[in-house]
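let me see the structure of the following:
(chains A and B)
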Amino acid sequence: MPQKGRLTAFLERGATRAKTIQIQHVVSAETPIPDLLNSLCDQRPIFVVGRHEVIGLIHFSDLNDPIVKLPFFVLLEGLERQVVDAIRPLVHEDTLSAFLKDAKRLVNIKADMAKLRKRRADRDWVTLLYFREVIDAAVEFKKLPLRTKEIEDLSAVRNRVAHAAADQLVETQADVRRLGRVWKLCKDLLFE
Amino acid sequence: MASLQETLQRLAQGFVARDIMVPLERLTRADDEATATHKLEQNPQ
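Numbers count the residues shown, from 1 in each chain, chains lettered A, B, ... in the order given. Okay, here's the model as predicted:
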């Protein structure tokens, strides 16, 4: 509800009284998207303030804007690159079975490599691994200290970030919390 | 030259609330509580 042209209060669906917009309801327009995640876990929606007045609103479903994928893509790609460099010397035909538990996948990846070698392609084994397999290998070879739940979180978010046709980035507030966990995990692994 | 880590950090922090917000002009607004309630009832979804 505007006062002298400014938005000062809001009425939530199902509520009988309007609430005055307070400090806990707002973020700066220049707040990095990952820093919004905590606020979007706790409440919905949040108001965006620029030049001392409300200029917009963010609902947690706005995290499905394709722009949100970009900061996650940057960190996940950086993490994958770092991990691939760490495991490359350790991944070869004899060690694949240590982290590839699916027998069919093991057969397929060996067949793929055989085809590549027949064509004289100079590829190493890590280039044939999926993201999840790269992470599993890094954990197996003690290059990443991750628990199963963290691996699942990373893989789920990475798949949604990397594929335009994948599921929405967030469908529930649990997905927002998962995004927050993955963001923190990537930062811890890359920058600390 | 900035390190790769510094560049990653800068890129990752470069996308902000303003980029994904619904701007004020697109919000449903009212001058008072009664009108706001009425507008909400008219727009159940």
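
quick one, what contacts whichever residue of chain B sits closest to chain A?
Residue nearest to chain A within chain B (C-beta to the nearest C-beta): B:Met21, separated by 3.2 Å. C-beta here means a position set from N, CA and C on the backbone, and glycine is covered the same way. Residues near B:Met21 by C-beta atoms under 8 Å, 6 or more residues apart in numbering or on different chains: A:Ala29, A:Val48, A:Ile55, A:Gly56, A:Leu57, A:Ile58, A:Asp62.

show me which of those neighbour chain B.
Contacts with chain B within those, as defined by C-beta under 8 Å from any C-beta of the partner chain: A:Ala29, A:Val48, A:Ile55, A:Gly56, A:Leu57, A:Ile58, A:Asp62.

touching, the first one and A:Gly50? I think so.
Just to be clear, that refers to A:Ala29. Yes: the pair A:Ala29 / A:Gly50 is scored as a contact, 3.8 Å apart, by C-beta atoms under 8 Å.

which neighbours do the two have in common?
Common contact partners of A:Ala29 and A:Gly50 (C-beta under 8 Å, 6+ apart): B:Arg18.

and for the nearest residue to A:Leu79 once chain neighbours are set aside, the neighbour number?
Nearest-residue entry for A:Leu79: A:Cys186, 5.4 Å, with adjacent residues in sequence omitted and distances by C-beta to C-beta, 6 or more residues apart in numbering or on different chains. Residues near A:Cys186, counting by other C-beta atoms under 10 Å in any protein chain shown, number 23.

all helices for chain B, in order.
B:4-12, B:17-20, B:33-42 (DSSP state H).

in the shortest one, what counts as buried?
Going by neighbour count (16 or more other C-beta atoms under 10 Å in any protein chain shown), the buried part of helix B:17-20 is B:Ala17, B:Arg18, B:Ile20.

just the residues contacting that helix, thanks.
Residues outside helix B:17-20 that contact it (C-beta under 8 Å, 6+ apart) are A:27-31, A:33, A:36, A:48, A:50, A:55-56, A:58, A:62-63, A:65, A:67-68.

now list the buried members of these.
Buried by 16+ other C-beta under 10 Å: A:27, A:29, A:31, A:33, A:36, A:48, A:55-56, A:58, A:62-63, A:65, A:68, out of the contacts of helix B:17-20.

domains for chain A, by residue range?
A:2-58, A:66-191 (automatic domain parsing).

quickly, which of these bottoms out on average pLDDT?
When the domains of chain A are compared on mean pLDDT, domain A:2-58 scores lowest, with a mean of 88.

surely A:Val27 is in a helix?
No: applying DSSP: H, G, I helix; E, B strand; the rest coil, one finds A:Val27 to be strand, outside a helix.
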